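**Q** no sequence on hand, only this structure:
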């Protein structure tokens, strides 16, 4: 089976039996999409047309279940099931059962040895108290590709609307995984996919205003971790004796030289944070067409093979990190053994500390 990108003239083959898109699903598995809000009508119509075209080209039959349209949704999401030729369709499950999934160890992982742990994951989101709707989107799921087990986790924190975050939720991982060198040079592949996806967004979605952060984590065979980010959504890896921030906060004051080298400026009003051209509180983001000359969508990428001292990973939007340090977040859940419970506890603690912004959190736990 051939996967195709929406970019003109771009066709890449992954494998004969694999079809991966954020709106399509891989063989054997039902994929929960944590897609939490009703789209604006015009953007929905646009995405539906893209989806219809892709489905006609790649998969003739697909069964879809749409998410709740509520604003304050917690952990609910969209579930999609595909009937593949010669394979048994997985039964429908309750949404409650999708809150936490467990990934068992493969007999042969990428490093040639069976992992000494299994992995579970959960997520939770809460709408903030700002005068706008929920603008965050989350991905938290598992894929099997070419005999490898992939955990895919992401936080997309939109601004000036939710359209860009929603587009990333549906398309960014797909664009990463169709890169020809993803398995051999993941850093280059991820950077290229981020750039291509941003170009799609500027052309098809955001126009001049909307934008989004991104923090994406790909866990291959439960040991090799590939993390990338733009903006101020953050990832933290908690180990037995250490806490490692695995992303970079792209703040205007820290990257002032980058902005100025592109012809922009960083300013700060009393009582506010530094902003690019007096507008955007980050130097790297998807979308934001009016500021694109002065910012970038190039991510920082980290590739690491996890050791047996890994305990859990936290990905979260700045609604959590504005009120909690890395150490406080790790301490908050260090005694918990349930990933979904841990995600909910982190959001609860951020609310207790009076966070006003949207809060989204993904927790990935390594059970030794």
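**A** Done, it's in. These numbers come from a predicted model, not from an experiment.

**Q** so residue 286 sits right up against residue 196, yeah?
**A** No - using C-beta atoms under 8 Å, residue 286 makes no contact with residue 196, being 11.2 Å away. For the C-beta atoms, the positions are set from N, CA and C on the backbone; glycine is no exception.

**Q** who has more neighbours, these two?
**A** More crowded of residue 286 and residue 196, by other C-beta atoms under 10 Å: residue 286, with 30 against 21.

**Q** low-confidence ranges in this structure?
**A** For the chain, applying pLDDT under 70 flags the ranges 1-116, 206-208.

**Q** what's the single longest strand in it?
**A** strand 148-159 (DSSP state E).

**Q** in that strand, what's buried?
**A** Across strand 148-159, burial judged by 16 or more other C-beta atoms under 10 Å covers 149, 150, 151, 152, 153, 154, 155, 156, 157, 158, 159.

**Q** that strand pairs with which strands?
**A** If you go by DSSP bridges, strand 148-159 pairs up with strand 136-145 (antiparallel), strand 211-212 (antiparallel), strand 214-220 (antiparallel).

**Q** please point out which parts of the longest one sit buried.
**A** Neighbour counts over strand 136-145 (16+ other C-beta under 10 Å) mark 136, 137, 138, 139, 140, 141, 142, 143, 145 as buried.

**Q** what separation do you get for the fifth one and residue 343?
**A** The span separating residue 140 from residue 343 equals 9 Å under the rule C-beta to C-beta, to the nearest Å.

**Q** got the buried residues of strand 136-145 as TSV, with distance to residue 166 columns?
**A** What follows is those, written out as TSV (distance: C-beta to C-beta, whole Å):
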residue	distance to residue 166
136	10
137	6
138	11
139	11
140	15
141	16
142	21
143	20
145	24
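
**Q** just the helices in the stretch 151-300 of the chain please.
**A** Using DSSP state H, counting those that start in this stretch, the helices of the stretch 151-300 of the chain run over residues 163-177, 186-204, 256-261.

**Q** name the stretch among these that sits most buried.
**A** Most buried of the helices of the stretch 151-300 of the chain, by mean neighbour count (mean count of other C-beta atoms under 10 Å): helix 163-177, with a mean of 26.

**Q** in the sheet, which residues pair with residue 224? Tell me.
**A** The partner residues for residue 224, given DSSP bridges, come to residue 220, residue 305.

**Q** pretty sure it contacts residue 303?
**A** Yes - here residue 224 reaches residue 303: they are 7.3 Å apart, a contact under C-beta under 8 Å.

**Q** please say which of those two ends up with more neighbours.
**A** For the pair residue 224 and residue 303, the greater number of neighbours falls to residue 224 (18 against 15), based on other C-beta under 10 Å.

**Q** now residue 273. Nearest residue, chain neighbours left out?
**A** Nearest residue to residue 273, sequence neighbours excluded (C-beta to C-beta, 6 or more residues apart in numbering): residue 281, at 5.2 Å.

**Q** next one: the one you found from residue 306, what distance?
**A** 32 Å.

**Q** again with residue 243
**A** 14 Å.

**Q** find the nearest non-adjacent residue to residue 250, please.
**A** residue 284 (4.1 Å).

**Q** what about the one you found, how many neighbours?
**A** Neighbourhood size, residue 284 [other C-beta under 10 Å]: 26.

**Q** in contact with it, which residues?
**A** Counting by C-beta atoms under 8 Å, 6 or more residues apart in numbering, residue 284 makes contact with 230, 231, 250, 255, 295, 296, 297, 298, 299.

**Q** could you rerun that using 6 Å?
**A** Listed by C-beta atoms under 6 Å, 6 or more residues apart in numbering, the contact partners of residue 284 are 230, 231, 250, 296.

**Q** if any of these are buried, give me the ChimeraX selection for them.
**A** Command for ChimeraX that selects the buried part of the contacts of residue 284, burial taken from 16+ other C-beta under 10 Å:
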select :230,231,250,296
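
**Q** show me the contacts of residue 284 that map onto strands.
**A** Counting by DSSP E, these place residue 230 in strands.

**Q** contacts only, for residue 272.
**A** Residues near residue 272 by C-beta under 6 Å, 6+ apart: none.

**Q** any idea how far it is from residue 252?
**A** Counting by C-beta to C-beta, the gap from residue 272 to residue 252 is 11 Å.
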